[in-house]
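S.K.: Show me how the following folds:
(one chain, ligands or ions: 1)
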Amino acid sequence: MDKLLIRGGVPLVGEAAISGAKNAALPIICASLLSDGPLNLSNVPRLNDVATMRRLIGQMGVAIAADGDGALTLDGRRLDNPVAPYEMVKTMRASILALGPLLARHGEAKVSLPGGCAIGARPVDQHIKGLRAMGAEIRVEGGYVLAQARRLKGARIVTDMVTVTGTENLMMAATLAEGETIIENAAREPEVVDLANCLTAMGARISGAGSDRISIQGVDRLHGADHPVMPDRIETGTYLCAAAATRGEILLTRTSAALLDSVIDKLREAGCVVDCRSDSIVLKAPRRLKPVSVRTAPYPAFPTDMQAQFMAIDSVADGAAVIRETIFENRFMHAVELIRLGANIRIDASNAVVTGVPALDGATVMATDLRASASLVIAGLVARGETLIERIYHLDRGYERIEEKLTRLGADVRRVR
Ligand code: UD1
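M.R.: Numbering: from 1, shown residues only. As a prediction, the model looks like this:
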């Protein structure tokens, strides 16, 4: 298993280009299951999760052509195997995004239940509830969701909580349903909007994406389209935190500050100077960061996917901060690893009190999930001496060419096989 060896203490300085968003690319790839023409995507990030999603829809019958440079053509005309097997779903929960499109287009689907994961139980009851409201017959048997519907019918769906992939699954299913579907309490995440834009280019009739009420008028068929995947706001935020923590100065290109208001506000509160331009961001870090308290919540509030990275920067700030996680019940596993590097963190249920220390010291640590890994990379870049991060396959799921990008910014980072 690959490991990442970091010699810390070097400020990140220079320029990096941000990749396409993982969490937009995954649902958009599933949207090809709805189409009876080729979907031409660009700016698709080269990540392990994207490779898994390609394998998943490929074995369902979608023809795939890639140019190796972020362009992907997906042709769903010959879809013939509406099954998402456990072996694939267990490595990537987002596989559940195949359920809605398969059911809408093929009339049946057999999708493995994702089960829990390191950061919490993460059930999919809202996906199932919404599809049932649209007339699907759904049984859960042998660890699989077995769903059938001759043609889905439009419905008014109120989700019990804000769910990102739940909103995306139901929105995709509704595009081919008969009549109008309204999703109330919808997720407002920019990735939902990017998916809606792609579906609209394919002929879907959607309004309200980006608000908490999305309305979809079902159509009989969707056709091929061209769509560029939006920039990754979490990758952007991760590099901003890495520069902030190492007292660096960086320019991030091919991104959009408008996707990151809450994160940029917090970085400014920490003392960073952040200059937002039309498709780039410049950050200059202070000599010592001020502590910043954050509370995670659905978009546009502070994202849970940036919580671990802020715990890393608060670990070296000048004072104490409180980090409150409200989305996932077990998302502080990076704290114990940061403590191994010398951080002072006290966990009390869903609150973490982080008291900044003047310096961290390198050690061997273990990545437990994707964003936890990112926080360990940031801490390793700050720490004195060598930090060895084990199990970086988590990092490869969501960060494109991370060691290459960090090296260009001056970091001393090496992959150890
Ligand atoms: C997505 C993101 C993930 C991010 C998360 C929250 C993708 C591929 N992943 O995950 O990176 O951390 O949003 O911003 O886009 N819930 C239920 N029942 C359901 C659905 C959700 O109880 O049917 C709960 C979850 O357990 C969680 C909360 O609702 O506590 C929000 O989860 P959700 O927004 O669905 O997360 P994902 O879509 O899985």
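S.K.: three-state assignment of the residue of the chain positioned farthest from its centre?
M.R.: Distance from the centre of the chain peaks at residue 150, with 32.5 Å (Cα atoms, centre = their mean). When classified by DSSP: H, G, I helix; E, B strand; the rest coil, residue 150 comes out as coil.
S.K.: Okay, it and the ligand: tell me how far apart.
M.R.: 24 Å (Cβ to the nearest ligand atom, to the nearest Å). (Glycine included, C-beta is placed from N, CA and C.)
S.K.: for the closest residue to that residue other than its chain neighbours, what are its contacts?
M.R.: Excluding the flanking residues, the one nearest residue 150 by Cβ to Cβ, 6 or more residues apart in numbering is residue 107, at 6.2 Å. Neighbour list for residue 107: 148-151 [criterion: Cβ atoms under 8 Å, 6 or more residues apart in numbering].
S.K.: How about residue 200?
M.R.: Counting by Cβ under 8 Å, 6+ apart, residue 200 has contacts residue 206.
S.K.: Name the SS class of it, please.
M.R.: Following three-state DSSP, residue 200 is assigned to helix.
S.K.: Per-residue pLDDT of it, please?
M.R.: Residue 200 is assigned 98 on the pLDDT scale.
S.K.: before we move on, what about residue 119?
M.R.: Confidence score, pLDDT, at residue 119: 66.
S.K.: now do residue 67
M.R.: At residue 67, the predicted lDDT confidence score is 87.
S.K.: what does residue 88 give?
M.R.: Looking at residue 88, its pLDDT is 89.
S.K.: Please name the nearest non-neighbouring residue to it.
M.R.: The shortest distance from residue 88 to any non-neighbouring residue, by Cβ to Cβ, 6+ apart, is to residue 56 (5.0 Å).
S.K.: Touching, the one you found and residue 95? I think so.
M.R.: Yes: Residue 56 is in contact with residue 95 according to Cβ atoms under 8 Å; the separation is 5.7 Å.
S.K.: Please enumerate the shared neighbours of these two.
M.R.: The contact sets of residue 56 and residue 95 overlap at 84, 88 (Cβ under 8 Å, 6+ apart).
S.K.: Okay, buried residues for stretch 49-67 please.
M.R.: 49-50, 52-54, 56-57, 60-62, 66 (16 or more other Cβ atoms under 10 Å).
S.K.: Narrow these to those in helices?
M.R.: Among the buried residues of stretch 49-67, the members found in helices (DSSP state H) are 49-50, 52-54, 56-57, 60.
S.K.: Which two of the buried residues of stretch 49-67 have the greatest separation?
M.R.: Using Cβ to Cβ, the two most remote members of the buried residues of stretch 49-67 are 49 and 61, lying 20.8 Å apart.
S.K.: and the strand or helix carrying residue 183, what does it pack onto?
M.R.: Taking DSSP states H and E as the definition, one finds residue 183 inside strand 180-184. Packing partners of strand 180-184 (3 or more Cβ pairs under 8 Å, 6 or more residues apart in numbering; DSSP states H and E): strand 156-158, helix 164-175, strand 213-217.
S.K.: do the first one and the ligand meet?
M.R.: This means strand 156-158. No: Strand 156-158 lies apart from the ligand when judged by Cβ under 6 Å from any ligand atom; the minimum separation is 11.8 Å.
S.K.: likewise the second one?
M.R.: Yes: contact check for helix 164-175 against the ligand, using Cβ under 6 Å from any ligand atom: residues in range are 164-166.
S.K.: for the contacts of residue 107, which one is nearest the ligand?
M.R.: Taking Cβ to the nearest ligand atom as the measure, the ligand lies nearest residue 149 of those, at 18.5 Å.
S.K.: So which bits of the protein are right by the ligand?
M.R.: So the chain meets the ligand at 23, 26, 93-94, 120, 122-127, 161, 163-166, 191, 304-305, 327-328 (Cβ under 6 Å from any ligand atom).
S.K.: Which phi and psi values does the residue lying closest to residue 210 once chain neighbours are set aside adopt?
M.R.: Once flanking residues are discounted, residue 210 sits nearest to residue 193: 4.5 Å by Cβ to Cβ, 6+ apart. Note on residue 193: its backbone torsions stand at phi -70, psi -40 [degrees, to the nearest 10].
S.K.: and the gap between residue 193 and the ligand?
M.R.: Separation of residue 193 from the ligand (Cβ to the nearest ligand atom) stands at 13 Å.
S.K.: what sits against residue 70?
M.R.: 19-20, 42-46.
S.K.: Kindly recompute the last result at 10 Å.
M.R.: Residue 70 makes contact with 19-20, 25, 41-46, 50, 228-229, 400, according to Cβ atoms under 10 Å, 6 or more residues apart in numbering.
S.K.: Emit the ChimeraX select command for whichever of those residues are buried.
M.R.: ChimeraX command restricting those to the buried ones, with burial defined by 16+ other Cβ under 10 Å:
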select :19,20,25,41,43,44,45,50,228,229,400
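S.K.: all helices of the stretch 1-150 of the chain, in order?
M.R.: Assigned by DSSP state H, counting those that start in this stretch, the stretch 1-150 of the chain shows helices spanning 22-31, 48-60, 86-89, 99-106, 125-133.
S.K.: Make TSV from the ones you listed and add distance to residue 287 to it.
M.R.: Converted to TSV, these look like this (distance: least, Cβ to Cβ, whole Å):
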stretch	distance to residue 287
helix 22-31	34
helix 48-60	37
helix 86-89	47
helix 99-106	50
helix 125-133	46
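S.K.: And these, which one averages the lowest pLDDT?
M.R.: Checking each of the helices of the stretch 1-150 of the chain, the one with the poorest mean pLDDT is helix 86-89, at a mean of 90.
S.K.: so can I have JSON lines of the helices and strands packed on strand 180-184 showing mean pLDDT and mean neighbour count?
M.R.: Output for those, formatted as JSON lines (pLDDT from 0 to 100; neighbours: other Cβ atoms under 10 Å):
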{"stretch": "strand 156-158", "mean pLDDT": "98", "mean neighbour count": "16"}
{"stretch": "helix 164-175", "mean pLDDT": "98", "mean neighbour count": "28"}
{"stretch": "strand 213-217", "mean pLDDT": "98", "mean neighbour count": "20"}
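S.K.: can I get those in JSON lines with distance to residue 333?
M.R.: Shown next, in JSON lines, are the helices and strands packed on strand 180-184 (distance: least, Cβ to Cβ, whole Å):
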{"stretch": "strand 156-158", "distance to residue 333": "33"}
{"stretch": "helix 164-175", "distance to residue 333": "21"}
{"stretch": "strand 213-217", "distance to residue 333": "33"}
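S.K.: quick one: which of those is nearest residue 359?
M.R.: helix 164-175 (37.0 Å).
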